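S.K.: Sequence first, then the predicted structure:
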Amino acid sequence: MRRSRFCFGGLASALLAASPALAGGALEARYTVSFTGLQIGQAALVVHVNDDSYSAAGSGMVTGVLQLVTGGKGTASARGKLIDGRISPVNYSANSETDRKSEELRLAGAAGAIWDEKVEPRPEAADRIPVTDEHRTGAVDPMSALLMPVAGTGDLTGPAACDRTLPIYDGRQRYDLEFIYLRTEAAKDVKGYSGPLAVCRVQYRPVAGHRPNRKSVKELIDNKDIFVWLAPVAGTRMLVPQRVSFGTKLGTFVMHATYFSSEARPSRQAPAIR
């Protein structure tokens, strides 16, 4: 909690000239968050993708029985470019607030390197593994990491969907998320989408910024019960989580999209990065 051209000669060319090419898409999703079957939160995600850029914005808040114990809410957004089918973040921001504290993160970069950041409050534990400029190079922010392109022209929700390791830097920690393909299944109980989902197991591997001797870090490394279900954004070869399941010794956290609707759009309708 606290933390997705064909050219057929003159006929195709004429058709493309008569109507704009679909080179992008938009997604709106709403999620519920539960623990051992009890709803404890809700979240929302809006994504825009075109042929050379993307944007994503999300929000979440504590609800249900947990709201009686603690309050909490947060927002996050990211914008970036798509270069040769790869995510290249430009900026990321996140704010969170609970009854006990508030946090603010700002990251900015270009060409695969983060060159400016604001983190409040700063992590100060002496036993943290230091984060270097090398760790910040080639990494993506947590919001950009939600958008997972699939290369080629093959099946979007087959094994290629999970063939990735995401290098993530969130302003405090640098870590890898390794995805392993398990199966493809049909979406259930979600308004707006009834197609196939790629099911992946996820392995957490810390790199820097973490405290290696902490019990919670060791348990996260050993956790074999982290799973994600990926669904495509229409009009793109981009995948986004439709469901996430995180097992713990006390029970299982599940974030499940109750509404997941996307549509293909001409690229001119999607926000561009300049």
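M.R.: Good, I have the coordinates.
S.K.: Per-residue pLDDT of G158, please?
M.R.: pLDDT recorded at G158 is 97.
S.K.: Burial check on it, number of neighbours?
M.R.: Taking other Cβ atoms under 10 Å as the criterion, the count of residues near G158 is 15. For glycine as for every other residue, the C-beta is placed from the backbone atoms N, C-alpha and C.
S.K.: wait, what's in contact with it?
M.R.: Contacts here follow Cβ atoms under 8 Å, 6 or more residues apart in numbering; on that basis G158 touches 181, 184, 198.
S.K.: out of the residues you listed, who has the most neighbours?
M.R.: Most surrounded of these: other Cβ under 10 Å gives A198, at 28 neighbours.
S.K.: name the element that residue belongs to?
M.R.: With secondary structure defined by DSSP states H and E, A198 is part of strand 196-208.
S.K.: and that strand, what does it pack onto?
M.R.: Applying 3 or more Cβ pairs under 8 Å, 6 or more residues apart in numbering; DSSP states H and E, we find strand 196-208 packed against strand 174-186, helix 215-222, strand 226-233, strand 238-247.
S.K.: Distance to I87 added to the contacts of G158, as CSV?
M.R.: As requested, the contacts of G158 are exported to CSV (distance: Cβ to Cβ, whole Å):
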residue, distance to I87
Y181, 20
T184, 23
A198, 18
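S.K.: If I take the strand holding A198 and strand 174-186, what angle do their directions form?
M.R.: For strand 196-208 against strand 174-186, the angle by axes from the mean of the first three to the mean of the last three Cα atoms, to 10 degrees is 170 degrees.
S.K.: Adjust the sequence numbering to begin at 15 for everything that follows.
M.R.: That works, and once the first residue is 15, the last one we named lands at strand 210-222.
S.K.: Can I get strand 210-222 in PDB? Just the C-alpha atoms.
M.R.: The C-alpha coordinates for strand 210-222 follow below in PDB (Å, rounded to 0.1, in the frame of the first residue of the first chain):
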ATOM      1  CA  PRO A 210      -7.100 -11.600 -23.300                       C
ATOM      2  CA  LEU A 211      -4.700 -10.800 -20.500                       C
ATOM      3  CA  ALA A 212      -1.000 -11.800 -20.100                       C
ATOM      4  CA  VAL A 213      -0.300 -13.200 -16.700                       C
ATOM      5  CA  CYS A 214       3.200 -12.600 -15.400                       C
ATOM      6  CA  ARG A 215       5.000 -13.400 -12.100                       C
ATOM      7  CA  VAL A 216       7.100 -10.500 -10.900                       C
ATOM      8  CA  GLN A 217      10.400 -10.800  -9.100                       C
ATOM      9  CA  TYR A 218      11.800  -7.800  -7.100                       C
ATOM     10  CA  ARG A 219      15.600  -7.200  -7.200                       C
ATOM     11  CA  PRO A 220      17.000  -4.200  -5.300                       C
ATOM     12  CA  VAL A 221      19.900  -2.300  -6.800                       C
ATOM     13  CA  ALA A 222      20.500   0.800  -4.700                       C
END
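S.K.: now it and strand 252-261, what's the angle there?
M.R.: Orientation note: strand 210-222 sits at an angle of 70 degrees relative to strand 252-261 (the same axes, to 10 degrees).
S.K.: what about strand 210-222, distance to the chain center?
M.R.: 11 Å (Cα atoms, centre = their mean, to the nearest Å).
S.K.: Over to stretch 166-179?
M.R.: Worked out by Cα atoms, centre = their mean, stretch 166-179 lies 16 Å from the chain centre.
S.K.: Which of the helices or strands spans Y45?
M.R.: Judged by DSSP H and E, Y45 forms part of strand 36-49.
S.K.: Just after that strand, pick out the following helix or strand.
M.R.: Past strand 36-49, the next helix or strand by DSSP H and E is strand 52-63.
S.K.: got the contact list for that next one?
M.R.: 15, 38-48, 68-80, 86, 96, 160-161, 247, 249-250, 252, 254, 269, 276, 284-285.
S.K.: could you say what helices and strands the helix or strand just after that strand packs with?
M.R.: Using DSSP H and E, the helix or strand that follows strand 52-63 in sequence is strand 67-76. Counting contacts by 3+ Cβ pairs under 8 Å, 6+ apart, strand 67-76 packs against strand 52-63, strand 86-97.
S.K.: can you give me the offset of strand 67-76 from its chain's centre?
M.R.: On Cα atoms, centre = their mean, the centre of strand 67-76 falls 9 Å from that of its chain.
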